[in-house]
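> Here is the input, now give the coordinates:
(2 chains)
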2 protein chains.
Amino acid sequence: MVKVCPDALESFFVSVFEAEGFSGAQSREIADVLLTADLFGIESHGAQRLMYYHQNIASGSVSVGSELEILSETPVSALIDGHFGMGQCVSVFAMRLAIEKAKQSGVGLVSVRNSSHFGIAGYYTRMALQEGLAAFAMTNTGPIMVPTFGAQMMLGTNPIAFAMPADPYPLWFDASTTVVTLGKVELYSKLGRQMPNGWVIDAEGREMPDAARANSSILNGEPGGILPLGGAGELNSGHKGYGLALMVEALTGVLSGGLISPEMEGPHGDHTAHFFMAFDPAMFGEPAQIRARLSEYLCMLRESDKLPGQSRIYTPGEKAWSHMKLCEKAGIRIDDATWTEMNTIAQMLNVDMPAVMA
Amino acid sequence: MVKVCPDALESFFVSVFEAEGFSGAQSREIADVLLTADLFGIESHGAQRLMYYHQNIASGSVSVGSELEILSETPVSALIDGHFGMGQCVSVFAMRLAIEKAKQSGVGLVSVRNSSHFGIAGYYTRMALQEGLAAFAMTNTGPIMVPTFGAQMMLGTNPIAFAMPADPYPLWFDASTTVVTLGKVELYSKLGRQMPNGWVIDAEGREMPDAARANSSILNGEPGGILPLGGAGELNSGHKGYGLALMVEALTGVLSGGLISPEMEGPHGDHTAHFFMAFDPAMFGEPAQIRARLSEYLCMLRESDKLPGQSRIYTPGEKAWSHMKLCEKAGIRIDDATWTEMNTIAQMLNVDMPAVMA
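As a prediction, this is how the structure comes out:
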């Protein structure tokens, strides 16, 4: 485990993507998405994803030189073809467009096809927060989720991100519609831990507590897969998680004319589709009042009665903001495996490693 | 158990609400929402809710003579004050406005405060389907859900409905963000059945399998409550269900300047707030192509590999549409308790009961 200063890590990310062939501006966009994930404590989507992106670029699955294209546009909408560019660059452009439309017309809906893995969905809703707007961001991914009663992976991780301004933290929700992400399965596999019931089933519908076996089964596209939020069957409402995932699929792959999850190769999916929406709360009232009202409710929640043994109730986004404050002072922790991967990439691309903090 | 013809049940509903003091047009709106719930097999929101509405009207919690008011409007949005009118009339008006704006401007967002229980959220998304549009509908309710790690009911049932046109059934998703609705707890209580783990906890966080006790505890606003989708704690992602419920609360009670769940009395909540959104898929491509593509994906899901012992994979809305086809031919079944309540209301209001089918 090492610690690095956020600025040093960001510079490293920028240098890596410049060395991969992206422009300075593009590299800074990608770097900021990765850095935000590490600052927010979503380690699976920060430095740990560098090797994955490197491999996608090397294989040509992500196209370095391609330029995205606006296929159609109205005052409240746009359809974008990412032409298989880096998901972060495509998505920053798409969300900026949604924000622009929301500022001009009150709301902006942007549909994106032929993109690639875009990092954390919540990065894009946070862009809207910085402009005082509320926002949604969604993406499909390669297949990892079995539908309720199904044995075949037919849907992706399919996260829903939603954000709305509040103080001292915004309401910042970003969650997959699976019960857990593949990253969680990988983590349990890496730590050699057994998974609890209700996460992954095999082809027969039996629990698969062996994380290493589950991970390789999913990577190989074998029958069985991760369960939807709510778990197996309908008793604890697994059909709701499945339905939410399908909603995301309809708003991304279907609406954009792109690929749907089962058409993609590999669990992350190489040619993903996204949906972004920003809107101005000012259409419905005085923005400062709406913000104060949401802040008041979030505070009520945090201060409401806890269960025995629990000291805190969190509101969505609170953990991320606290983690960011901590990292800004104390640096970002990077685990040994990720540090080794960063070294490998640094050597391949002839880039300096970030300095280690004392 | 009796069976009635859908037309006869609808006429009965209309007569009841006319006798309550609503206009013919308003009564037909309310009747259609209730009838749709019964046709879709969502019995808890059909004839079974008549007594609840009657009591709300009698107590003055729902105002019969009030008129809703459009407080502000843009080409893509509106803010409505329902002035405590009947939720169905307020919401049909609000969704019509969202549809009109979607047809004119591509998208319409309508925020509603000071309404009342509006029936099934999916009724309103279905209105948009009939115009070839996609739509969202959400509402808050009185407090029934505990936040993750919390012992106090701070959020409502808070359903999310989403619909998008497809054949032979649309994608029609309508689900609470609690693991189960209060109606399910009531049903188990009525049947004297024990509830499975993961539905309701008491003040100490212990499972409450006794449905009758859980039901009265929730109705009395005692500590403990229904768990969010995903269950207790964070292990199986109960924080995601909690976050989705909070998203709904932000888009309804907060955005509209209305009440938030913990400010409402009783589990259903008498002064609820709603959010409606309709948008035209034509902004993103040829509507017939998008519809065909979604239909193709839904078909792939239904035909994908099943787990051993399972004969079908359903897509959201399929059960409702199948139930409707069945009821149109074979009539709507009404359980004895509901039939008795209907009789009581019919006598009080001097209205004829619907004819029973052979």
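> how about the helices in the stretch 51-200 of chain A?
Assigned by DSSP state H, counting those that start in this stretch, the helices in the stretch 51-200 of chain A fall at A:87-105, A:122-129, A:182-191.
> could those helices go into CSV alongside mean neighbour count and distance to A:Ile57?
From N, CA and C alone the C-beta is placed, and that goes for glycine too. Putting the helices of the stretch 51-200 of chain A into CSV (neighbours: other CB atoms under 10 Å in any protein chain shown; distance: least, CB to CB, whole Å) gives the following:
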stretch, mean neighbour count, distance to A:Ile57
helix A:87-105, 23, 12
helix A:122-129, 26, 20
helix A:182-191, 18, 20
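> So for A:Leu244, which of those sits nearest?
Nearest of these to A:Leu244, taken as CB to CB: helix A:122-129 at 16.4 Å.
> helices or strands up against that closest one?
On a contact count with 3 or more CB pairs under 8 Å, 6 or more residues apart in numbering or on different chains; DSSP states H and E, helix A:122-129 meets helix A:24-39, helix A:87-105, strand A:134-139, strand A:160-164, strand A:171-175.
> As CSV, these with mean pLDDT would be great.
Converted to CSV, the helices and strands packed on helix A:122-129 look like this (pLDDT from 0 to 100):
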stretch, mean pLDDT
helix A:24-39, 98
helix A:87-105, 98
strand A:134-139, 98
strand A:160-164, 98
strand A:171-175, 98
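> could you redo these as TSV and give each row distance to B:Ala31?
Converted to TSV, the helices and strands packed on helix A:122-129 look like this (distance: least, CB to CB, whole Å):
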stretch	distance to B:Ala31
helix A:24-39	51
helix A:87-105	37
strand A:134-139	34
strand A:160-164	34
strand A:171-175	37
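> For the nearest residue to A:Gly224 once chain neighbours are set aside, give its distance to B:Ala212.
Nearest residue to A:Gly224, sequence neighbours excluded (CB to CB, 6 or more residues apart in numbering or on different chains): A:Asp202, at 4.1 Å. Taking CB to CB, to the nearest Å as the measure, A:Asp202 and B:Ala212 are separated by 38 Å.
> now swap in A:Ser304 and tell me
26 Å.
> quick one: which of those two has more around it?
A:Ser304 (17 against 14; other CB atoms under 10 Å in any protein chain shown).
> partner strands of whichever strand or helix holds A:Arg333, parallel or antiparallel?
Following DSSP states H and E, one finds A:Arg333 within strand A:332-334. Note on strand A:332-334: by DSSP bridges, its sheet partners are strand A:2-4 (antiparallel).
> which parts of the stretch 51-200 of chain A sit against chain B?
A:72, A:74-77, A:79, A:105-107, A:109, A:111, A:134, A:147-152, A:154, A:160, A:162, A:164, A:171, A:173, A:175-177, A:179-180, A:196, A:198-199 (CB under 8 Å from any CB of the partner chain).
> Need phi/psi at the nearest residue to A:Ser15 once chain neighbours are set aside.
Spatial nearest neighbour of A:Ser15, excluding adjacent residues (CB to CB, 6+ apart): A:Val351 at 4.4 Å. Backbone torsions of A:Val351, given as degrees, to the nearest 10, read phi -120, psi 140.
> Burial check on A:Val351, number of neighbours?
By other CB under 10 Å, the residues close to A:Val351 number 20.
> residues in contact with it?
By CB atoms under 8 Å, 6 or more residues apart in numbering or on different chains, the contact list for A:Val351 reads A:Phe12, A:Ser15, A:Val16, A:Ala19, A:Ile345.
> Quick one: closest of the helices and strands packed on helix A:122-129 to A:Leu326.
Closest approach to A:Leu326 among the helices and strands packed on helix A:122-129 is made by helix A:24-39 (9.1 Å; CB to CB).
> Quick one: distance of the closest one to the chain centre.
Mean-position distance between helix A:24-39 and its chain equals 13 Å (CA atoms, centre = their mean, to the nearest Å).
> other SSEs contacting that helix?
Going by 3+ CB pairs under 8 Å, 6+ apart, helix A:24-39 lies up against helix A:6-19, helix A:87-105, helix A:122-129, helix A:318-330, strand A:332-334.
> Repeat the analysis, applying 6 Å as the threshold.
Other elements packing on helix A:24-39 under the criterion 3 or more CB pairs under 6 Å, 6 or more residues apart in numbering or on different chains; DSSP states H and E are helix A:6-19, helix A:87-105.
> What is the longest one packed up against?
Applying 3+ CB pairs under 6 Å, 6+ apart, we find helix A:87-105 packed against helix A:24-39, strand A:107-113, helix A:122-129, strand A:274-279.
> of those, which approaches B:Ala98 most closely?
It is, among the helices and strands packed on helix A:87-105 and with distance given as CB to CB, strand A:107-113, at 11.7 Å.
> which outside residues touch the helix or strand containing A:Cys299?
Using DSSP H and E, A:Cys299 falls within helix A:287-303. By CB atoms under 6 Å, 6 or more residues apart in numbering or on different chains, the surrounding residues in contact with helix A:287-303 are A:Pro165, A:Ala166, A:Asp167, A:Pro281, A:Ile313, A:Thr315, B:Pro147, B:Met154, B:Ala250, B:Val254, B:Ile260.
> angle of that helix against strand A:171-175?
Orientation of helix A:287-303 against strand A:171-175 (axes from the mean of the first three to the mean of the last three CA atoms, to 10 degrees) gives an angle of 60 degrees.
> So which bits of helix A:287-303 are buried?
By neighbour count on 16 or more other CB atoms under 10 Å in any protein chain shown, the buried set for helix A:287-303 is A:Ile290, A:Arg291, A:Arg293, A:Leu294, A:Ser295, A:Tyr297, A:Leu298, A:Met300, A:Leu301, A:Arg302.
> Let me see the mean pLDDT of it.
For helix A:287-303, the mean pLDDT works out to 98.
> how about it as CSV, C-alpha atoms only?
Extracted in CSV, the C-alpha atoms of helix A:287-303 (Å, rounded to 0.1, in the frame of the first residue of the first chain):
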residue,chain,number,x,y,z
PRO,A,287,-33.4,27.3,-6.6
ALA,A,288,-32.0,28.4,-3.2
GLN,A,289,-35.2,27.3,-1.5
ILE,A,290,-35.3,23.9,-3.2
ARG,A,291,-31.6,23.4,-2.3
ALA,A,292,-32.3,24.4,1.4
ARG,A,293,-35.3,22.1,1.5
LEU,A,294,-33.3,19.1,0.2
SER,A,295,-30.5,20.0,2.6
GLU,A,296,-32.9,20.0,5.5
TYR,A,297,-34.4,16.6,4.6
LEU,A,298,-30.9,15.1,4.2
CYS,A,299,-30.0,16.4,7.6
MET,A,300,-33.2,15.0,9.1
LEU,A,301,-32.3,11.6,7.7
ARG,A,302,-28.8,11.7,9.1
GLU,A,303,-30.1,12.7,12.5
